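> Next input, structure requested:
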Amino acid sequence: MNTTVIPSPWIKIFKPISQPKLRLFCFHPSAAGASLFRVWEKYLPSNIEVCAIQLPGRETRIKEPLITKWDDLLPTLTQALSPLIEEYPFVFFGHSLGALISFEVVRKLRREKLPTPKYMFVSGRRAPQIPIDNLRHQASDEELISTLREYGGTPEAVLENQELMELFLPILRADFTLNEKYTYFSEAPLESPIVAFRGKNDLEVSLQYLSEWEKHTISNFALHEFPGGHMFFQQEPKTLIEEISKFLSLGSRE
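Predicted structure coming up:
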């Protein structure tokens, strides 16, 4: 049975592949959703299947309650992933909050003696042992909108649309709560190689804080910077995807 046909609200596969050489699981940042990765397959080799994580309370899961507690997130998400990681090799990519979620998912997979990714690609997020020093989940709506402006990637017309913001800001606040109430517990480093990315103009994540991810692997570590800010890949993901493909030794799509 091809595992791509197993339905799960947690995982969106925009273009299922019958026998993929590799599965790329993508974990979205705060206030985003699986659709952020819809176009990624266009820039990847045709034998890589993109599997985008979809947290509750947004997009196709808009009617479901938002999650603000790690104990409510990790067991269910890991269970949803389990059927899809048994048959084919896989890697994880996570940006911002998604990087943190992917890290904790890998550690949970290891504790449960399940397969772990061939590579971990983490982007736009300080290493997990470094505490968050700006508690934005407690900010006013106006302050949250200012934060979105700083991040970039959200059109000004959207930021000024009150009805859209009434839908959008609770998602952002819930995701910030999840991110900022995270508690790091020390465990042995992972066996998966880690590659860390950031935008050169990202005010959220310094190069020093990003480099601290190296402490979480006993394998290879690499760090790459790209032009742009916190959401450096949103408008033009091709350069980032090509860099990921190089590490996988799979080339790029012609």
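> could you point out the longest helix in the chain?
Taking residue count as the measure and DSSP state H as the definition, the longest helix of the chain comes out as helix 162-180.
> Can you name every helix or strand that that one contacts?
helix 97-111, helix 141-151, helix 156-159 (3 or more Cβ pairs under 8 Å, 6 or more residues apart in numbering; DSSP states H and E). Just so you know, the C-beta spots here come from the backbone N, C-alpha and C atoms, and that holds for glycine as well.
> To Arg58, which of those helices lies closest?
Arg58 lies closest, by Cβ to Cβ, to one member of the helices and strands packed on helix 162-180: helix 97-111, at 12.4 Å.
> Would you mind finding the most buried of the helices and strands packed on helix 162-180?
Burial of the helices and strands packed on helix 162-180 is given as mean neighbour count (mean count of other Cβ atoms under 10 Å); helix 97-111 ranks first at a mean of 21.
> What average pLDDT does that helix get?
Per-residue pLDDT over helix 97-111 has a mean of 98.
> which residues sit against it?
With Cβ atoms under 8 Å, 6 or more residues apart in numbering as the test, helix 97-111 has contacts from 25-30, 53, 70, 73-75, 77-78, 81, 85, 92-94, 115-117, 120, 122-125, 128, 175, 178-179, 182, 187, 190, 192, 216.
> Can you show me the CA trace of it as CSV?
The C-alpha coordinates for helix 97-111 follow below in CSV (Å, rounded to 0.1, in the frame of the first residue of the first chain):
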residue,chain,number,x,y,z
LEU,A,97,8.6,27.9,15.0
GLY,A,98,8.6,25.1,12.5
ALA,A,99,12.3,24.5,13.2
LEU,A,100,11.7,24.2,16.9
ILE,A,101,8.7,21.8,16.3
SER,A,102,10.8,19.7,13.9
PHE,A,103,13.6,19.4,16.5
GLU,A,104,11.3,18.2,19.2
VAL,A,105,9.6,15.8,16.8
VAL,A,106,12.9,14.2,16.0
ARG,A,107,13.8,13.8,19.7
LYS,A,108,10.4,12.2,20.3
LEU,A,109,10.9,9.9,17.3
ARG,A,110,14.3,8.8,18.8
ARG,A,111,12.8,8.2,22.2
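> now the angle between helix 162-180 and that helix, please.
Helix 97-111 and helix 162-180 are oriented at 40 degrees to each other (axes from the mean of the first three to the mean of the last three Cα atoms, to 10 degrees).
> Could you point out the helix or strand that follows helix 97-111?
Remark: after helix 97-111, the chain's next helix or strand is strand 120-123, criterion DSSP states H and E.
> List the contacts of that following strand.
If you take Cβ under 8 Å, 6+ apart as the criterion, strand 120-123 is touched by 91-96, 98-99, 102-103, 106, 190, 192-198, 213, 217, 233, 240, 244, 247.
> can you rerun that using 7 Å?
Here strand 120-123 makes contact (Cβ atoms under 7 Å, 6 or more residues apart in numbering) with 91-95, 99, 102-103, 106, 190, 192, 194-198, 213, 244.
> How far away from the center of its chain is that strand?
Between the centre of strand 120-123 and the centre of its chain there are 8 Å (Cα atoms, centre = their mean, to the nearest Å).
> what lines up beside it in the sheet?
Sheet neighbours of strand 120-123, with direction, are listed as strand 90-95 (parallel), strand 194-199 (parallel) (DSSP bridges).
> Tell me which of those strands is the most buried.
Across the strands paired with strand 120-123, the average number of neighbours (mean count of other Cβ under 10 Å) peaks for strand 90-95, which reaches a mean of 26.
> follow-up on the earlier one: show me just the buried residues among the contacts of helix 97-111.
When those are checked for burial by 16 or more other Cβ atoms under 10 Å, the buried set is 25-30, 53, 73-74, 77-78, 81, 85, 92-94, 116-117, 120, 122-125, 128, 175, 178-179, 182, 190, 192, 216.
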